[in-house]
Every structure is written in C-alpha cells, then in structure tokens.
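Asks: model this:
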Amino acid sequence: MTRAWGTFTAKQRALAEKVFDALSMLDAIGGEEPPGEGREHRIGFADLYDYAVNPECSGGDEVERAIGHDEKLREDFHLLLEKTSLCRFPHLAAASSGTVMTREWEGFRIHLRGSHAEPSQVYIQIDLLDPSSPPPKALFVIGGERQCRKHPLPEAQEKTIQILADAESDLVKALQDNKTEVFLR
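Replies: Presented below is the predicted three-dimensional model:
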C-alpha cells in the first residue's frame, strides 16, 4: 500500500526519517572508496533522499544524470517519490493524444494556459483543492525518455501556486506530454 507523505503523522514522519538516515549510513559504510581524482561520486540512497526532500539540495544535476542512466537508481527514486510526495499524477492513458493542458488528482490540479500579454510564455497554475493539504515545495517531472527534473515552487497565494515559464521550456513540454509522471512534494 502506498501512502502520501502528507497523510503521515509527525511521529510517522520522524520514524521514516530515522529509517532513511539508517539507510544512508549503510550507503556510507558500504565499502566504497570516496570519490577522488579519476573516480566519480557514486549516487546513493542518501543523495536521492536529499534531492527529493531538500529544496536547496546541491548536486541536483548529478543526481538527475545518474537517474537517467541507472535503472535501479531510477526505480529507487520513483519509489521514494511515491512514498513521500503529497500527490502523484500518473502518466495518462495511451489513448490520450495531443498536448495535456490540465491534470487533476488527489486534491491538486495543474493547469497550463498561454499568456495573453506574451504568447511565448505559459502560466503553470497549481491549485490546492483540499484546504487542509499543505502546499508543495517542489514539482518533479519524470518523462518517458528516462529524464527526471526537479522544479522548486514559489509560495502558494490563496491556495494557488503560479509559475510563468517559456512555452518551449523543458518543464512546459514535460507537463504537456501524456507520458510524463508528475509528483508534488
């Protein structure tokens, strides 16, 4: 059974963080030599967890590259997002065609609309439909071509988060693609 992070009590969240800390420690003592000249840093569970839960995480590009190249890491990260996200918007049915302009799931709605003032820009609006739901701090898009991107979110204003993005940006293209999964965390 999968539960959204937002449904956990404070005690359950604290316990989950202790479990993740223990797994991180196992990653650290797993016998690998630290990165040095000529050796790359191996992305472990601690890196995935930090990237998923810390809005100011450094090394995001490195984590995203690793997720794109390592199937096991991608599966672990996907599971981590499923367990800790406020909402998961699954990819849409194969019968869906054309660009996706609205996604709605589990108390949240994401809507894209073109700017009237500047046609090359798109408003991404995230509506918090459940008044008791905490506002998300980051949006993750996981595309059909194995790419993963994290996008920090601004503060919600009256249960709405709004982003102005270039119509040709990777974020807008990912949100319009029916093969993309979206997570709010």
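Asks: Would you map the helices across the chain?
Replies: Assigned by DSSP state H, the chain shows helices spanning 10-28, 45-53, 60-69, 71-84, 170-176.
Asks: where does the protein have its least confident helix or strand?
Replies: Within the chain, no helix or strand scores below helix 10-28, which has a mean of 73 by mean pLDDT, DSSP states H and E.
Asks: count of residues packed around the closest residue to residue 70 other than its chain neighbours?
Replies: Leaving out its chain neighbours, the residue that sits closest to residue 70 by C-beta to C-beta, 6 or more residues apart in numbering is residue 43, at 7.5 Å. In short, each C-beta sits where N, CA and C put it, glycine included. Using other C-beta atoms under 10 Å, residue 43 has 22 neighbouring residues.
Asks: my guess is residue 43 contacts residue 66, does it?
Replies: Yes: assessed by C-beta atoms under 8 Å, residue 43 is found in contact with residue 66 at 4.0 Å.
Asks: So for residue 143, what's the nearest residue that isn't a sequence neighbour?
Replies: Leaving aside its sequence neighbours, residue 143 sits nearest to residue 180 (C-beta to C-beta, 6+ apart; 4.9 Å).
Asks: From residue 46, how far out is that neighbour?
Replies: 27 Å (C-beta to C-beta, to the nearest Å).
Asks: These two: who's more crowded?
Replies: The neighbour comparison of residue 180 against residue 46 (other C-beta under 10 Å) goes to residue 180, with 22 against 16.
Asks: was I right about that one contacting residue 174?
Replies: Yes: in this structure residue 180 lies within contact range of residue 174 using C-beta under 8 Å: 4.7 Å.
Asks: mind giving me the domain ranges of the chain?
Replies: 5-84, 88-184 (automatic domain parsing).
Asks: mean pLDDT lowest for which of these?
Replies: Mean pLDDT is lowest for domain 5-84 among the domains of the chain, at a mean of 78.
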